[in-house]
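**Student:** Return atomic coordinates for the entry below.
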Amino acid sequence: MIACTVSPIRNVPAERRRQNPGPVDPFEASPTLKKYVDVIASEAPGPILDAPCGNGRNALPFAQRGFDVFCVDLDQHALASVAALQASRSLSGRLIPVRADLYAPLPPRLAAHRFGAIMNVHFVGLDLARWSTSALLPGGFLYIETFGNRGGNFRQLPKAEEYRRLLSDDFTVILYRETHAGPPSTDAVTLRLLARKAA
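**Tutor:** Residues are numbered from 1 along each chain as shown. You can find the predicted model right below:
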């Protein structure tokens, strides 16, 4: 057991307490995605793809609701975390780790699948997003969330409206929020997107 000393909260200024509410649960889903978990879970017509999955935090709420979630990542440590999460939680669905490079063609067993929802969180890859639109079952959901705007990473972020152009007329856009990133002269954006394919 590790011993630690905790400073009494009364010694911490109120402003700092508001800014630092406490430790963050490493398995808490993206705040934006959390708002839509119930909507997606209540109507998704099949298994879910989380690519890249990281430690499984965004896949977890769907496995808790009975979905099989294919958790794809190139990082072995991330996939080990997903496997440990499956083993340590009582889940009514399954977390299925799959190792793959998302900048390369997907493994055949995955590429042939069709999904009730596909999530791309903190990843920018137009080829993956384009494939995702065709890999959804009718009535399926597509959720895309880029990483935030920090330092020079705006160079890896998408251009304004780039992802919207990937959505054909058979998609209903539920959420599409772009925020400019980088110097004023650039057209890079961060993105939150949720769309549903026609049933």
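**Student:** got the CA positions of the longest helix seen in the chain in PDB?
**Tutor:** Taking DSSP state H as the criterion, the chain has its longest helix at helix 76-88. Extracted as PDB, the C-alpha positions of helix 76-88 are listed here (Å, rounded to 0.1, in the frame of the first residue of the first chain):
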ATOM      1  CA  GLN A  76       0.000  -3.100 -27.900                       C
ATOM      2  CA  HIS A  77      -0.300  -1.300 -24.500                       C
ATOM      3  CA  ALA A  78      -3.600   0.200 -25.400                       C
ATOM      4  CA  LEU A  79      -4.900  -3.200 -26.500                       C
ATOM      5  CA  ALA A  80      -3.600  -4.800 -23.200                       C
ATOM      6  CA  SER A  81      -5.600  -2.200 -21.300                       C
ATOM      7  CA  VAL A  82      -8.700  -3.100 -23.300                       C
ATOM      8  CA  ALA A  83      -8.200  -6.800 -22.500                       C
ATOM      9  CA  ALA A  84      -7.700  -6.000 -18.800                       C
ATOM     10  CA  LEU A  85     -10.800  -3.900 -18.800                       C
ATOM     11  CA  GLN A  86     -12.800  -6.700 -20.300                       C
ATOM     12  CA  ALA A  87     -11.500  -9.100 -17.600                       C
ATOM     13  CA  SER A  88     -12.000  -6.800 -14.700                       C
END
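**Student:** Give me the phi and psi for the residue most central in space within the chain.
**Tutor:** Most central in the chain under Cα atoms, centre = their mean is residue 121, positioned 3.1 Å from the mean C-alpha point. Main-chain dihedrals, residue 121, degrees, to the nearest 10: phi -120, psi 130.
**Student:** Excluding sequence neighbours, find me the nearest residue to it.
**Tutor:** Spatial nearest neighbour of residue 121, excluding adjacent residues (Cβ to Cβ, 6 or more residues apart in numbering): residue 145 at 4.7 Å. Placement of C-beta: from N, CA and C, glycine included.
**Student:** you'd agree that neighbour is up against residue 193?
**Tutor:** Yes - applying Cβ atoms under 8 Å as the test, residue 145 and residue 193 come out as touching, 7.5 Å apart.
**Student:** Quick check, pLDDT for residue 95.
**Tutor:** Listed pLDDT for residue 95 reads 97.
**Student:** Can you list the residue ranges for helices in the protein?
**Tutor:** Using DSSP H, helices in the chain cover 14-19, 31-34, 37-43, 60-64, 76-88, 108-111, 126-135.
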